[in-house]
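K.L.:
Turn this into a model:
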Amino acid sequence: MIRKLKNLIKRILGKGGVQYHIDAVSADMISGWACNTTNPAKPCLVELKSGDKVLATAQAATLREDLVAAGVGNGCHGFGIQLDMLPFSAEAREVHLYINSKRVTSTPIVLKSSFTDIL
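P.N.:
You can find the predicted model right below:
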C-alpha cells in the first residue's frame, strides 16, 4: 500500500526515474531504449538537441524482445533517431540526447555530414 502511494505521488509530481541504454551511435542513426520506471506504460520522449534547439524527436515505444525477456516494463521502450533526416550542416556539430527533458549524455555526440570531410 505504501509503495502504491509513493508511486502515485511520483506520478502526480512528475518525479521518477528513467532507465535507458544507448545501443548504437552511427553516422546515420542513434538507437537504444528508455523506460519511465514510475509509469512504464507511458513512452519516454527522446530528443536530440544542439544547444537549446531540438533537432529530432522520437517516442521510445518500439517493442523489443530483449526488454521483454529482461522484465523491463512492457518491452515497448525502443527508439531510433534517423540522423540523415536532420537539417544539413556543412560543419560538424555537437549534440546531446535528452530523455523526458533530462540530458542523459555527459559528453556531446559529434555529428558530421559526409561533406564535412571534403570541405
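
K.L.:
residues contacting the closest residue to Gln59 other than its chain neighbours?
P.N.:
By the measure of C-beta to C-beta, 6 or more residues apart in numbering, the closest residue to Gln59 outside its immediate chain neighbours is Pro43, 4.5 Å from it. The way it works is simple: take the backbone N, C-alpha and C, and place the C-beta from them, glycine included. By C-beta atoms under 8 Å, 6 or more residues apart in numbering, Pro43 lies in contact with Asn36, Gln59, Ala60, Ala61, Cys76, His77.

K.L.:
Just the ones of these in strands?
P.N.:
Secondary structure from DSSP state E places Asn36, Gln59, Ala60, Cys76, His77 of the contacts of Pro43 in strands.

K.L.:
how far away is the first one from Ser26?
P.N.:
Note on Asn36: its distance to Ser26, by C-beta to C-beta, to the nearest Å, is 26 Å.

K.L.:
For these two, indicate the residue with more neighbours.
P.N.:
Neighbour count, other C-beta atoms under 10 Å: between Asn36 and Ser26, Asn36 has more, with 23 against 8.

K.L.:
Quick check, that one in contact with Cys76.
P.N.:
No. Look at Asn36 against Cys76 with C-beta atoms under 8 Å: they stay out of range, at 11.5 Å.

K.L.:
If the residue nearest the centre of the chain is in a bridge, with which residues?
P.N.:
For the chain, the residue nearest the mean C-alpha position is Val46 (3.5 Å; C-alpha atoms, centre = their mean). Beta-bridge partners for Val46, by DSSP bridges, are Ala58, Ile99.
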